[in-house]
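[1] Build me a model:
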Amino acid sequence: MLLALALATATPDAAADVVRRYYALLAARNYAQAWRLWGDDGRASGKPEAAFARGFARTATTSVNIGRPGRVEGAAGSLYVTVPVTVSARLLDGTRQHFTGSYTLRRVNDVPGSTARQRRWHIASAHLRPHA
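    Take a look at the predicted model:
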């Protein structure tokens, strides 16, 4: 049963669910929890938690459409998945923004000694570009 659960959480769809949860947290203005979905307890976002939250201060709404995640790939004891996205946002002044790109999610392989926290998908990087 435990092995089946571990394998179920290592799927591309499980990684895509983290991106869905991330945008749901952003929409709810729960920036602290969204920040923590980044690797290294948020630090992989490249910003301290307060700066991360300030980056969304002018955002009124945000939503994401998630494409088909890539295959799970392994390297050096970790698993990676790329999740393509299209992001729409509306700023407080009414300006609309659109981005396309992807998130790369990472988790530690199911190796002896790894913790449940290490085996959860987290955002390793984001590559978003403005889209008209």
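[2] residues touching R119, list them.
    R119 sits next to A6, T9, A10, R107, V108, D110 when contact means CB atoms under 8 Å, 6 or more residues apart in numbering. Where you see a C-beta, it was placed from the backbone N, CA and C, and this is true even at glycine.
[3] okay, now the residue nearest to the fourth one when sequence neighbours are not counted: neighbour count?
    Spatial nearest neighbour of R107, excluding adjacent residues (CB to CB, 6 or more residues apart in numbering): W121 at 4.9 Å. Counted with other CB atoms under 10 Å, residues neighbouring W121 total 25.
[4] Would you state the strands of this structure in chain order?
    59-66, 73-75, 78-91, 96-108, 122-130 (DSSP state E).
[5] rank those by mean pLDDT and give me the bottom one.
    Lowest mean pLDDT within the strands of the chain: strand 73-75, a mean of 86.
[6] Just the buried residues of the longest helix along the chain, please?
    Criterion DSSP state H: the longest helix present in the chain is helix 12-27. Going by neighbour count (16 or more other CB atoms under 10 Å), the buried part of helix 12-27 is P12, A14, A15, A16, D17, V18, V19, Y22, Y23, L25, L26.
[7] which one among these gets closest to V85?
    Of all the buried residues of helix 12-27, V19 has the smallest distance to V85: 6.5 Å, by CB to CB.
[8] Kindly check the end-to-end length of stretch 38-51 for me.
    14 Å (CA to CA, to the nearest Å).
[9] Report the buried residues of that stretch.
    For stretch 38-51, burial by neighbour count (16+ other CB under 10 Å) applies to W38, G39, G42, A44, S45, E49.
[10] surely the last one meets A32?
    When you say that, I think you mean E49. Yes - applying CB atoms under 8 Å, one finds E49 in contact with A32, separated by 6.3 Å.
[11] V108: how many residues sit nearby?
    V108: 16 neighbours (other CB under 10 Å).
[12] okay but it is in contact with W121, surely?
    No - if you go by CB under 8 Å, V108 and W121 don't touch, sitting 10.2 Å apart.
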